[in-house]
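[1] what shape does this take:
(one chain, ligands or ions: 1)
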Amino acid sequence: MHDILSHYRNDGYAIIEDFFSASEVEELRHAGEEFTKNLPDESERTIFSTTKSEQASKNYFLESADKVRIFFEADALDENGKLKCDSSLALNKVGHALHYLHPVFRKYSFDERIKEICFQLGYQDPVIPQSMYIYKNPGVGSEVKSHQDASYLYTEPLALTGFWFALDDATLENGCLWMIPGSHNGGVHRRFIRNPDKESKELLVYDRSEPIYQKSAFVPVPVKKGSCVLIDGLVVHRSENNKSNLPRHAYTLHVIEQQNTVYSPDNWLQPTNDYSFPSLYRNN
Ligand code: FE2
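    Model prediction:
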């Protein structure tokens, strides 16, 4: 554990191999595949893309904090919402309250092993604001552009950690994570916020232009299935599209510190009158 924590502190990320057993991975993966068997009607299908701005204008995305909502790959749908590929390959992700609403994801999100890591990282009263099942399927699985998670889940002061669980081997070919080691030391580069211009049809905007990161600064982080990648909220990371014929499913959740921090009211994802972000230590 000491090596993992020092890697996390020095580089902004760390790999924990064999975090989940083969049977645990299978249970999570099976739950993820179930969503592909019960898709929304064609007229209600929404894509998720980090290269197209579609989600910024959609309430479907904005109101997903306390729901389990399905997002398609841009290349999986035609303009009428008809599938261009098999339904088992069509999804980009499901989010953002799996950890709260879905029994399987809830069980693993509040697992003692996650609590222990947060304890070791010094979290006093962590909460889980979001979770996602990410598909990145062969053929359609799209790239995720360079970003810091803190752009989306900003707290003052900042205390944010991502847990990224590989449910398949993540390789150079199928779109493993890439990181800039040490990039967590330079603060947040831009934020994704609720548009202060209420007249605009864009509900969400970036407050600054896209930073330019040197491609050569990124290192690949291929991992075996069952691995957990700890991601500092400030480390710059990305993933490429899936160029292989193998899937690259992952489950991911984020924790933020609740004690003596302020969760930004400008963040896209907000608790509601009926839903507070669940406490990690006080749920099981
Ligand atoms: Fe991320």
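
[2] show me what the helix or strand hosting R9 is packed up against.
    For R9, the enclosing helix or strand under DSSP states H and E is helix 2-11. With contacts taken as 3 or more Cβ pairs under 8 Å, 6 or more residues apart in numbering; DSSP states H and E, helix 2-11 sits against strand 13-16, strand 228-232. Any C-beta I mention is one placed from the backbone N, CA and C, and that applies to glycine too.

[3] now for those, which one comes closest to S87?
    Proximity to S87 (Cβ to Cβ) singles out strand 228-232 among the helices and strands packed on helix 2-11, at 28.3 Å.

[4] whichever helix or strand comes after that closest one pairs with which strands, and in what direction?
    Moving toward the C-terminus from strand 228-232, the next helix or strand (DSSP H and E) is strand 237-239. Next to strand 237-239 in the sheet, as set by DSSP bridges, lie strand 144-147 (antiparallel), strand 177-179 (antiparallel).

[5] and the next helix or strand past the shortest one?
    Using DSSP H and E, the helix or strand that follows strand 177-179 towards the C-terminus is strand 192-194.

[6] quick check: mean pLDDT of that following strand?
    Average pLDDT, strand 192-194: 94.

[7] mind listing what's buried in that strand?
    Within strand 192-194, the residues that qualify as buried by neighbour count (16 or more other Cβ atoms under 10 Å) are 192-193.

[8] now do the following helix or strand past it: which elements does it pack against?
    Helices and strands here follow DSSP H and E; after strand 192-194, the next one along the chain is strand 204-206. Based on contacts counted as 3+ Cβ pairs under 8 Å, 6+ apart, the elements that strand 204-206 packs against are strand 192-194.
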